[in-house]
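> Generate coordinates for the sequence data below:
(one chain, ligands or ions: 2)
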Amino acid sequence: MWGQMITGGEHSRLEEMTSVTGIPVMTKKCFTGEMWGRALNEAMVEAGRMGRDIAIQNNSFCEGVQAITVIVDGGWSKRSHKHSYNAKSGVAIIIGKETGKLLYIGVRNKFCQACTLHIPQDQHACYKNWNASSSEMETDILLEGFTNAERMHGIRFTKFIGDGDSSVHPNVPAGWGHYIQKLECATHTCKCYRGALEQLVKDKPSYKGIGGLTLKMRKRLVSAARCAIKLRSKESDRVKALSLLKKDLINGPRHCFGIHTHCSPDLCTKVTTHSVSCGQTSDAAPQTTNCDLSESNASSGDRECINNDEDLEGK
Ligand SMILES: [Zn+2]
Ligand SMILES: [Zn+2]
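Numbering: from 1, shown residues only. Ligands and ions are numbered 1, 2, ... in the order given. You can find the predicted model right below:
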């Protein structure tokens, strides 16, 4: 039944399918009933309870109220094939980082079929609840979720992880709004880096080619950055971690192009004290290191590194 619903099937399609398999079908009233909404609500309340327990365990409080980190994302279809198009419906969700469970979901609709047929408001369940622009849907839903967090779950979402390229920041008007911090998602940050590199070679095709920003080199640059993020995230002194990460990221291209004079020994086994640029030594060619993408080296290092794009996409 769930499968039918999420693939856009109506009760009639479910009936047809179950009649073939010889399974008795539920009534239409049950199919479209409020049971799903109730089940969803119960699941979210339970997730909130789990979040609260984890906050207590971690001793994470905001003005005496349990505080947790959440992951937010939203979406609405932006375009169809070769058309610019803004969908009339949008959705956004808030998920607990520790539990991985849904804490809030919101939907905004700019369209209601019954309304277009001039069926009076009191005679249909109207789903139209949005008149502003599609791009503001996500912010509005997240704002609603953050604002209702305390009432709904008895917790506050004081840190959130969003898209690296998203400007969404729920400006919660409640007194604790200023505690909300945005954390960057490492995967999205790396995707943005890769996106910027792809744009760079598109704008300046001469940067491509052997010794330049080849596809392999672009992957490698991103991999080195991901590697540095992963390593520095384990550092408990956050200020030190940030300063080291900044250095690693700036040094990334130098390392990938074979100049290891400024590399950190934590990340690079080829740290040298003299410059090896300009082809003066045999080290001039790009080196393989622990953060390298080459298969031969993928598992050779003692550092855990993300070695391919698939990993980058999947985390
Ligand atoms: Zn309507
Ligand atoms: Zn290096």
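> For the rest of this, base every contact and every neighbour count on C-alpha atoms.
Will do.
> Now do the same contact list for the nearest residue to residue 76 once chain neighbours are set aside.
Leaving aside its sequence neighbours, residue 76 sits nearest to residue 90 (CA to CA, 6 or more residues apart in numbering; 4.5 Å). With contact taken as CA atoms under 8 Å, 6 or more residues apart in numbering, residue 90 is in contact with 74-77, 107-109, 134, 137-138.
> ok, which residues in the chain are in contact with ligand 1?
112, 114-115, 126 (CA under 5 Å from the ion).
> Make TSV out of the contacts of residue 90 and add pLDDT and secondary structure.
Shown next, in TSV, are these (pLDDT from 0 to 100; DSSP: H, G, I helix; E, B strand; the rest coil):
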residue	pLDDT	secondary structure
74	84	strand
75	78	strand
76	75	coil
77	70	coil
107	91	strand
108	91	strand
109	91	strand
134	78	helix
137	85	helix
138	84	helix
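> Make JSON lines out of those and add distance to ligand 2.
Shown next, in JSON lines, are the contacts of residue 90 (distance: CA to the ion, whole Å):
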{"residue": "74", "distance to ligand 2": "38"}
{"residue": "75", "distance to ligand 2": "39"}
{"residue": "76", "distance to ligand 2": "42"}
{"residue": "77", "distance to ligand 2": "42"}
{"residue": "107", "distance to ligand 2": "48"}
{"residue": "108", "distance to ligand 2": "49"}
{"residue": "109", "distance to ligand 2": "51"}
{"residue": "134", "distance to ligand 2": "45"}
{"residue": "137", "distance to ligand 2": "44"}
{"residue": "138", "distance to ligand 2": "41"}
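> among the residues you listed, which ones are buried?
Buried members of those, counted by 16 or more other CA atoms under 10 Å: 74-76, 107-109, 134, 137-138.
> Can you pick out the most distant pair from these?
The most widely separated members of these, counting by CA to CA, are 74 and 109 (13.7 Å).
> ok, back up a step: mind checking the SS state of the residue nearest to residue 76?
strand (DSSP: H, G, I helix; E, B strand; the rest coil).
> Same question for the one 5 residues further on.
The three-state assignment at residue 95 reads strand, by three-state DSSP.
> next one: residue 104
Three-state call for residue 104 (three-state DSSP): strand.
> can you pull the contacts of the nearest residue to it once chain neighbours are set aside?
Leaving out its chain neighbours, the residue that sits closest to residue 104 by CA to CA, 6+ apart is residue 94, at 5.0 Å. Taking CA under 8 Å, 6+ apart as the criterion, residue 94 is in contact with 70-73, 102-105, 142, 145.
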